[in-house]
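Engineer: requesting a structural model of the entry that follows:
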Amino acid sequence: MMSAISAAQSSAEVIILEHKDRIGKKILSTGNGHCNFTNSVQNPTCYRGENSEFPWKVFPQFSLADTMAFFRKLGIYIKNRNGCQYPYSNQASAILDVLRMELERLKVHVETCVKPERIIAENGKFRIITKQHAEKCDESKHQGDISESCQNETKEQTWNADRVILATGSKAAPHTGSDGSGYALAKELGHHLVPVVPALVQLRCKEDFYKSLSGVRLQGRISLLIDGEIIAQDTGEIQMTDYGLSGIPVFQVSRYAAVGIYHHQKVTAILDFIPDMDLKQVLAFLKTRISAFPERKMERFFTGLFHKKMALLLLKRSKIDPQMEAGNLTESQLLQLLKNIKHFHTVIERTNSFDKAQICAGGICTNEVCAETLESKIVPGLYFAGEILDVDGICGGYNLQWAWSSGFVAGREAACYKSAN
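Structural biologist: The predicted structure follows:
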């Protein structure tokens, strides 16, 4: 949508080919339905990919300030929540609605229920071969996925274009439309992929004790290790599930876990359940607590500090009898308890699947794309925008900021290229 708006603002005639029955569905699930559409904190640590400099040649062309001004102009009153920018209504649908209204105002034609099968580049022009559902979806009747009436018959159609922008997303949350089909189109045109794996996703762990922790939430730091080396860390509320780990800090490091697993490396995590103290401070804290409650049974020793389920697991892993009085702990037991509080080791076997992921890591290799224009270096006149490229952001509106920036640049450059020729 941003690519189309940008191109149309430069007086290009634009057609969007959308294979779902409604455009922009994925926006509705962002920010838990509230859509934090960008973030006031922007720095290189917020974006990942094999070429870390690539997005920073795009962002200056459509910056955070440009994004804020753009949505204000469309009628969005902005609310700031710890750097995350939301529509004041707290409705993701507001962002989608103003984009759709702008498409209508600029007379961008949106063709729904069409699936691009091939893109043929020849003589500086393009032919897009699509399969179009014979009975198109009526948006007023179909608010979910493509209905049976959309799928029962198809017909082939050819679209001619001077320029093409691939803005098809990745493979994350395929029910919203990003099913990975854009990768095949790009590969057929000669492009290569950095391996695509789930990101901003839950981690599945080897140990069987997680079933006993399901539903527990606690503050902590997660350090992700690949073959024994710390690759990423994050701090915040960690959520225990019946199969492993979830929560924002886990999401932030998950893309590195997914890449490691893809390459058959050993992926582990160390959890620190009192991250605001170092080892010596936690040891002193525990000794002070023992002195204060020497008669307290260990099963109640952590009351007010850790969830009871977590406390019992820490005791079990430290081989401490829950009925033991705190004052009877040996030095070795205390040190083992300290280790499990500060260095809780767990083995990551895999991530959840693409349908549970918010985004993907990997995508079209950015070495094959001009960072200044987002035009293909392989196929002149072909452009890329958004998550189809090997750029992924952390939680907090960063992937949407990449969508706005890359979409704007790709649309503007495609339109200017057309008008210049």
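Engineer: pull the helix or strand with minimum mean pLDDT from the chain.
Structural biologist: Among the helices and strands of the chain, helix 148-151 carries the lowest confidence by mean pLDDT, DSSP states H and E, at a mean of 45.
Engineer: longest strand anywhere in the chain?
Structural biologist: Determined from DSSP state E, the single longest strand within the chain is strand 229-240.
Engineer: residues of that strand that come out buried?
Structural biologist: Buried residues in strand 229-240, counted by 16 or more other Cβ atoms under 10 Å: 231-236, 238-240. C-betas here are computed from N, CA, C, even on glycine.
Engineer: thought Glu237 was touching Gln219, still the case?
Structural biologist: Yes: with contact defined as Cβ atoms under 8 Å, Gln219 reaches Glu237; the gap is 6.0 Å.
Engineer: so what's the residue nearest the centre of the chain up against?
Structural biologist: Most central in the chain under Cα atoms, centre = their mean is Ile359, positioned 3.3 Å from the mean C-alpha point. With contacts defined as Cβ atoms under 8 Å, 6 or more residues apart in numbering, Ile359 is in contact with 170, 172, 199-200, 387, 392-393, 399.
Engineer: so can I have TSV of those residues showing pLDDT, secondary structure and neighbour count?
Structural biologist: Listed next are the contacts of Ile359 as TSV, based on pLDDT from 0 to 100; DSSP: H, G, I helix; E, B strand; the rest coil; neighbours: other Cβ atoms under 10 Å:
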residue	pLDDT	secondary structure	neighbour count
Ser170	95	coil	30
Ala172	94	coil	27
Ala199	98	strand	30
Leu200	97	coil	25
Glu387	97	helix	30
Asp392	98	strand	25
Gly393	97	strand	24
Asn399	97	helix	25
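Engineer: now, which of those sits nearest Val41?
Structural biologist: When the contacts of Ile359 are compared for distance to Val41 (Cβ to Cβ), Gly393 wins out at 11.5 Å.
Engineer: from Ala69, how far off is that closest one?
Structural biologist: Using Cβ to Cβ, to the nearest Å, one obtains 21 Å as the distance from Gly393 to Ala69.
Engineer: how far off centre is the helix or strand just after the least confident helix or strand of the chain?
Structural biologist: Past helix 148-151, further along toward the C-terminus, the next helix or strand under DSSP states H and E is strand 154-161. For strand 154-161, the distance between its averaged C-alpha position and the chain's averaged C-alpha position is 32 Å (Cα atoms, centre = their mean, to the nearest Å).
Engineer: what does stretch 245-256 give?
Structural biologist: For stretch 245-256, the distance between its averaged C-alpha position and the chain's averaged C-alpha position is 10 Å (Cα atoms, centre = their mean).
Engineer: residues contacting that stretch, please?
Structural biologist: Residues from elsewhere that reach stretch 245-256, judged by Cβ under 8 Å, 6+ apart: 48, 197-203, 205, 217, 220-222, 224, 226, 231-240, 269, 346, 351, 358, 361, 392, 394-395.
Engineer: mean confidence score for that stretch?
Structural biologist: Computed over stretch 245-256, the mean pLDDT rounds to 98.
Engineer: ok, stretch 89-102 next?
Structural biologist: Over the span of stretch 89-102, the pLDDT mean works out to 97.
Engineer: could you check how far Ile320 is from Leu337?
Structural biologist: Taking Cβ to Cβ as the criterion, Ile320 is separated from Leu337 by 7 Å.
Engineer: appreciated, that's everything.
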